[in-house]
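Novice: Fold the following for me, if possible:
(chains A and B)
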Amino acid sequence: MAEHATEKSRFGVVTGGLGMATDWLSGAMLLGLAGILFGFGHDGLQWMLGVASGLLLAGVLVTPHMRSAGEGGPVAFASARFGSVAAFLARFVTTVATALLVAANIKALAIAAQVFGFGGGSASAVLAVAAVLLLFAGAIVIAPPRLAGLQASVYPLILAAVSLPVVLALLADPASAPWHLTYGRTLQAISQAELALLEQNLADPVTLKAYLRPFTTATISSGLLLTLSLALGLMAMPHMLMRPAGARSRDGAGSMPAAALLAILFAVLALPPVAATARLAVLTQLAGSDAQSPPAVLLTLGGLGLARTCGSAGTAAEAVAAACAALADAPSRLRLDDIEIVRDAVLLAAPLLSGQPLYVTLALTVAVGLAALLAITWLGASLRGGTHRDATMRRTGTVADATFALLAASGAVALALTDRADIMSLVAWAMAISAAGLAPMLLAGVWSQRATAAAVVLGSITGVAVTGYYIVATQVFPAAFYELWSGLSSAGYGAIADYEAAKEALAAAGAAEQEAARAAVGDAARAVANWWGLRDEAAGALGAFVASVVIFLASLVTPRPGARAVETMSRMRRTGSRV
Amino acid sequence: MGKGTRNSWQRSRRLATWIVLIWAVLVLGIPAAALHLEAIAVMGLPLGYYAGAQGLLIAIVILAFVSVLGRRSIERRPADHERGS
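Specialist: Below is the predicted model of the structure:
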């Protein structure tokens, strides 16, 4: 949105706030958060706090001031404050982060499609093509205000679907009202069930993560840095900042994130109890059941592609029983590790696990699919470089918009089809890249008069390089990363011994076993490849720190900002809600 | 930049600093102390878990609205100052 945007093309607080809420509660975020809460228990809360905090930080630190600058979204702001090189860099970082978020939403779409029976490779290809078309539609065809209006009108439907399991649970047991505020009994039952399974040797003490115990999946510092990385990343994401940047007033720009937070609060409060109830059902109703006649719900979930039992997604009891009998240590009763609820699909499996009717799962599936489609289209809109009065500039702008959309689409399809990571990891990596490349640039642009263009470009490149290196190296080349940086690893003796043993096994493996042995080395290396225990998903905090230090130091030794930057800063510092 | 504008910007900066500090204490400080809070129960929920699952989310929303109201108050003040002078 440029300065000359008409009043009609600007966003009101309610439309903008609900639109931001729809972006926040995308299909990927819904499935990813529920899966993280189910799988990580207490530690999953740090992910939720991080992404919720991003909206708060955006409203406090960025949106009202960026709106006052009168130059539109983050890329246009970077252009006005730091010049064209910084703007190009901001656009490049936006494209990379967008590709990751689109990939996460394609995966969410694939899971939703699988519930309706459209699974397999051909369905994934069709969905990927649909996502690419939507991305281009958002980037060059559909007017952002029209799309924002559609998102705002759809949000109540998504919220209603997410709240449905909680509402039905309340109706079934009114005495527990307000259920989603007082589910302490469920949590206590989870702890008791975990102990009971351990006593009966139906759970492995090594793989069982105590649901209520904090810091079982990450160290304290790594957990907090993850929260910080997610918060800074979301704060700076252009698809979040576009609407406040085009608000009708500075007051509106500051109020939109608060309105969005209020809108998502009810949905977010529903996720932990839904995840906890699903976890309790797995622990008490599925684990310990007869392996020769598995519970019907497991077969139903297997048929929908939401669960596997003994590695089988069979819908017939005989098939599942045969899969269990074929295991080397064939169980007579199902152990916790024999039951795998697909983590990214927990939200859709939860109603069936809690004994709720199938239509609840179907309603949630439709909501997830709709949210993912809208999110992909709006992510395309966030790749727009802005509007121009001059027709030649407009044409150039459209070509550039299409080029960046093509880059984002290619990256997203490659990431989604190679299936390297789960949904929440893709979201976290997007936030990490944004935290390292965009957050320091925006914060320096708004809050520092001394920050210079050269310093910001250097800082952002350094931050993105550090974060990108950490994520790629620890995920794709973990053994090489560990060999290079073993002195900084926080891995314990057990994990290091496992890695050394895997290396020896690889050296001794014959030609036929090489591939499996190499994969085992990779898995063992990922457990030890880190700097001070930092998770790859939290690397944005490290990148943001490095970028901020570089910006601060380089600003001291480079010439002061020029006239255009000073004028932009003056506009930000003027008061009055009609600015 | 006029004196009123400068004062207003300083107040905006102070407000943002306070909000971010409170956020950091709540969202980074309380989860860091989660191990020590597990023994205390709120509505049947361990306090550490309750804080992450509900309390801190509600606090984040409240902080967002405090920030909006604070900024509105700051933006009205220079106008009052100019009327009075």
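Novice: Contacts only, for the residue nearest the centre of chain B.
Specialist: The centre of chain B sits closest to B:I19, judged by Cα atoms, centre = their mean, with a distance of 3.3 Å. B:I19 is in contact with A:56, A:60, B:63, B:66-67, B:70, counting by Cβ atoms under 8 Å, 6 or more residues apart in numbering or on different chains. The C-beta positions use only the backbone N, C-alpha and C, and glycine is treated the same way.
Novice: most neighbours, which of the residues you listed?
Specialist: Counting by other Cβ atoms under 10 Å in any protein chain shown, A:V60 has the largest number of neighbours within the contacts of B:I19, with 29 neighbours.
Novice: That residue falls within a helix, correct?
Specialist: Yes. Counting by DSSP: H, G, I helix; E, B strand; the rest coil, A:V60 is found in a helix.
Novice: how about low-confidence regions in chain B?
Specialist: For chain B, the stretches with pLDDT under 70 are B:1-6, B:44, B:78-85.
Novice: Show me the helices in it, by range?
Specialist: Applying DSSP state H to chain B gives helices spanning B:3-23, B:30-32, B:34-37, B:47-50, B:56-84.
Novice: and among the ones you listed, the most buried is which?
Specialist: helix B:47-50 (a mean of 23; mean count of other Cβ atoms under 10 Å in any protein chain shown).
Novice: outside of it, which residues touch it?
Specialist: Contacts of helix B:47-50 (Cβ under 8 Å, 6+ apart): A:42, A:45, A:187, A:212, A:214, B:30-31, B:33-38, B:40-43.
Novice: Contacts only, for residue 15.
Specialist: With no chain named, the answer covers chain A. Applying Cβ under 8 Å, 6+ apart, the residues near A:T15 are A:148-149, A:152, A:243.
Novice: try chain B instead
Specialist: B:67, B:70-71, B:74.
Novice: now the stretch 151-300 of chain A, which segments are flagged as low pLDDT?
Specialist: In the stretch 151-300 of chain A, residues with pLDDT under 70: A:174-182.
Novice: repeat that for 80
Specialist: A:170, A:173-184 (pLDDT under 80).
Novice: who in it is up against chain B?
Specialist: A:181-185, A:187-188, A:212-215, A:220, A:223-224, A:227-228, A:231, A:250-251, A:254-255, A:257-258, A:261-262, A:265, A:268-269, A:272 (Cβ under 8 Å from any Cβ of the partner chain).
Novice: got the residues of the stretch 1-150 of chain A near chain B?
Specialist: Applying Cβ under 8 Å from any Cβ, we find that the stretch 1-150 of chain A lies next to chain B at A:42, A:45-46, A:48-49, A:52-53, A:55-57, A:59-61, A:64.
Novice: Among these, which one is most surrounded by other residues?
Specialist: Ranking the residues of the stretch 1-150 of chain A next to chain B using other Cβ under 10 Å puts A:P64 first, with 31 neighbours.
Novice: what's the pLDDT at that one?
Specialist: We have a pLDDT of 88 for A:P64.
Novice: does it sit in a helix or strand, and which one?
Specialist: Using DSSP states H and E, A:P64 falls within helix A:63-69.
Novice: How about A:L30?
Specialist: Counting by DSSP H and E, the element that carries A:L30 is helix A:27-40.
Novice: centre of the chain versus that helix, how much separation?
Specialist: Computed by Cα atoms, centre = their mean, to the nearest Å, the chain-centroid distance of helix A:27-40 equals 9 Å.
Novice: need the contact list for the most centrally placed residue in chain A.
Specialist: Centroid-nearest residue in chain A, with Cα atoms, centre = their mean: A:V427, separated by 2.5 Å. Applying Cβ under 8 Å, 6+ apart, we find A:V427 in contact with A:28-29, A:32, A:51, A:100-101, A:104.
Novice: Against A:M235, how distant is it?
Specialist: Plainly put, A:V427 is 14 Å away from A:M235 if you go by Cβ to Cβ, to the nearest Å.
Novice: again with A:L534
Specialist: Counting by Cβ to Cβ - A:L534 and A:M235 are separated by 20 Å.
Novice: more crowded one of those two?
Specialist: A:M235 (28 against 22).
Novice: ok, back up a step: for the helix holding A:P64, packing partners?
Specialist: If contacts are counted by 3 or more Cβ pairs under 8 Å, 6 or more residues apart in numbering or on different chains; DSSP states H and E, helix A:63-69 sits against helix A:74-82, helix A:238-245, helix A:250-281, helix A:439-447, helix A:563-573.
Novice: Is there proximity between the last one and chain B?
Specialist: Looking back up the chat, that one is helix A:563-573. Yes. Residues of helix A:563-573 contacting chain B under Cβ under 8 Å from any Cβ: A:570, A:573.
Novice: buried set for that helix?
Specialist: A:565, A:568-569, A:571-573 (16 or more other Cβ atoms under 10 Å in any protein chain shown).
Novice: Just want the angle from it to helix B:3-23.
Specialist: 70 degrees (axes from the mean of the first three to the mean of the last three Cα atoms, to 10 degrees).
Novice: Against A:L134, how distant is A:A128?
Specialist: Applying Cβ to Cβ to A:A128 and A:L134 gives a distance of 11 Å.
Novice: Filter the residues of the stretch 151-300 of chain A next to chain B down to the buried ones, PyMOL style.
Specialist: Burial among these is assessed by 16+ other Cβ under 10 Å; the matching PyMOL selection reads:
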select buried, chain A and resi 181+182+183+184+187+188+212+213+214+215+223+224+227+228+231+250+251+254+255+257+258+261+265+268+269+272
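Novice: Which single residue of the stretch 1-150 of chain A approaches chain B most closely?
Specialist: Scanning the stretch 1-150 of chain A for the residue nearest chain B gives A:L45, at 3.2 Å (criterion: Cβ to the nearest Cβ).
Novice: three-state assignment of that residue?
Specialist: helix.
Novice: ditto for A:N201
Specialist: coil.
Novice: can you give me phi and psi for the closest residue to it other than its chain neighbours?
Specialist: Closest residue in space to A:N201, ignoring its immediate chain neighbours: A:R335 at 7.9 Å, by Cβ to Cβ, 6 or more residues apart in numbering or on different chains. Main-chain dihedrals, A:R335, degrees, to the nearest 10: phi -90, psi 160.
Novice: Which residues are in contact with residue 38?
Specialist: I'll assume chain A. With Cβ under 8 Å, 6+ apart, A:F38 has these contacts: A:44, A:275, A:278-279, A:341, A:343, A:346, A:350.
Novice: hm, I was asking about chain B
Specialist: By Cβ under 8 Å, 6+ apart, the contact set of B:E38 is A:212-214, B:46-49.
Novice: now for these, which pair is the farthest apart?
Specialist: Using Cβ to Cβ, those span at most 13.9 Å, a distance reached by A:R213 and B:L47.
Novice: and A:L415, what is it in contact with?
Specialist: A:99-100, A:103, A:421, A:426.
Novice: now the helix or strand encompassing it and helix A:74-82, what's the angle there?
Specialist: Per DSSP H and E, A:L415 falls inside helix A:391-418. Counting by the same axes, to 10 degrees, helix A:391-418 lies at 120 degrees to helix A:74-82.
Novice: Kindly calculate the angle that the following helix or strand past helix A:391-418 makes with helix A:238-245.
Specialist: Using DSSP H and E, the helix or strand that directly follows helix A:391-418 along the chain is helix A:423-437. Here helix A:423-437 runs at an angle of 60 degrees relative to helix A:238-245 (the same axes, to 10 degrees).
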